[in-house]
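> the sequence and its predicted three-dimensional model are supplied below.
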Amino acid sequence: MPWDTARTRQALLDAAVEEFAEHGFEGARVDRVGSRAGINKERIYQYFGNKEKLFGHVLEAELERIAAAIPLTADQAADLGEYAGKLYDYHRSHPQFIRLLHWEGLRDRGGPALREAERTATYRSRVAALAEAQARGHLDPALDPDDLFYAVLALGAWWFSAPQAVRMVFGGPTTPEDERASMVRLVRRLVGTPPSETNRGSTPSS
């Protein structure tokens, strides 16, 4: 029976996502990745090269996943609160993404990040979508679209970056439903979404 290369490669990549998210680059171990996947670690070197390259493959795969899962066009930006809600949903379903970004940031030595030009282009397209939505009258034109997009990204990540701070700010445990509703409500108020649109997307998506 022929070896299923694609399936093996994906299994190793999935295991590496969990390993790097949990331990970071420095603490991650190639042999643990192999053990997680149930595959000889030699396959890792065969398919991905060394640990540095494996980390790059992991980040690349996760960046492509979130870019495809949460697009942002000018039409979608008309209700930026709903976009913020979808961002919250994604991070709750894929908590490893925020952790990987944190580990990447800790390793930043002042040089370019992985695929920085492509990632910058993706972010700039999101900013452009906000600017177009502003021009159409859907969002407050007084807000700088760069500032606005960064604020939404930061708000979406903070729930999962420092859950202890969330608990202390709100005076106790919060539910995912309340957290999402809070984020959607705040972003809609920030951008001046008309009252007629404030009931759209107020509950978690499936």
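Yep, that arrived.

> low-confidence stretches in the chain?
The model of the chain has pLDDT under 70 over residues 1-3, 194-206.

> how does it divide into domains?
Domain assignment for the chain by automatic domain parsing gives 1-57, 70-206.

> export those domains to TSV and append columns for mean neighbour count and distance to Leu63.
Backbone N, C-alpha and C define where each C-beta goes, glycine included. Below are those laid out as TSV (neighbours: other CB atoms under 10 Å; distance: least, CB to CB, whole Å):
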stretch	mean neighbour count	distance to Leu63
domain 1-57	16	11
domain 70-206	16	6
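
> relative to Glu64, which of those is closest?
domain 70-206 (9.5 Å; CB to CB).

> show me where this protein has helices.
Secondary structure of the chain by DSSP state H: the helices cover 5-27, 30-37, 42-48, 51-69, 74-77, 80-93, 96-106, 116-135, 145-161, 163-169, 176-191.

> restrict the fifth one to CA atoms and write it as PDB.
It refers to helix 74-77. The C-alpha coordinates for helix 74-77 follow below in PDB (Å, rounded to 0.1, in the frame of the first residue of the first chain):
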ATOM      1  CA  ALA A  74     -16.300  47.000   2.000                       C
ATOM      2  CA  ASP A  75     -19.800  45.400   2.000                       C
ATOM      3  CA  GLN A  76     -18.900  43.300   5.100                       C
ATOM      4  CA  ALA A  77     -17.300  46.300   6.800                       C
END
